[in-house]
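>>> just a sequence and a predicted model for now, questions to come.
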Amino acid sequence: QVQLVESGGGLVQAGDSLRLSCAASGRTFSNYAMGWFRQAPGKEREFVAVISWTSSVTYYADSVKGRFTISRDNAKNTVYLQMNSLRPEDTAVYYCAAGTSSPSLRNGGARFWGQGTQVTVSS
């Protein structure tokens, strides 16, 4: 069992940066691929970024490529999402997720989800 708790969301202006964190409980954190998803009002939840358990593989949605960076620290049981050059269309609830493999997690096949953290970008 893995429990995920996100933090770091908030209200920022377009062009600003934020770093989201996701703290995981459980001793098997390093066995899971980790990812970030988001859901904007009135829209379905969408994939943002995924990182493999060794950090050797990362995937990004086209909409965030070059602006967002996913990373993890297995010693701290934490995964991060550095978000730069934020845009109003990045406004959403951001969810952390854990899955058994990077490709399956990228396709939404998460085993565990966090409760989400709100990110609001004003224009």
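Now that the structure is in, tell me what you want to look at.
>>> quick check: bridge partners of the residue most central in space within the chain?
Centrality entry for the chain: nearest residue to the mean C-alpha point is residue 36, 2.2 Å, by Cα atoms, centre = their mean. Per DSSP bridges, the residues bridged to residue 36 are residue 49, residue 96.
>>> give me the pLDDT for it.
In this model, residue 36 is scored at 98, pLDDT.
>>> so who does it touch?
Shown in contact with residue 36 (Cβ atoms under 8 Å, 6 or more residues apart in numbering): 20, 22, 48, 49, 50, 70, 79, 81, 94, 95, 96, 97. Placement of C-beta: from N, CA and C, glycine included.
>>> could I get these as a markdown table with pLDDT, distance to residue 109 and neighbour count?
What follows is those, written out as a markdown table (pLDDT from 0 to 100; distance: Cβ to Cβ, whole Å; neighbours: other Cβ atoms under 10 Å):
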| residue | pLDDT | distance to residue 109 | neighbour count |
| --- | --- | --- | --- |
| 20 | 98 | 21 | 23 |
| 22 | 97 | 17 | 25 |
| 48 | 98 | 15 | 24 |
| 49 | 98 | 15 | 24 |
| 50 | 98 | 10 | 27 |
| 70 | 98 | 17 | 21 |
| 79 | 97 | 17 | 30 |
| 81 | 98 | 19 | 27 |
| 94 | 98 | 18 | 23 |
| 95 | 98 | 14 | 22 |
| 96 | 97 | 15 | 28 |
| 97 | 97 | 9 | 26 |
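>>> which one of the residues you listed is nearest to residue 110?
When these are compared for distance to residue 110, the smallest value, 3.7 Å, is given by residue 97; criterion: Cβ to Cβ.
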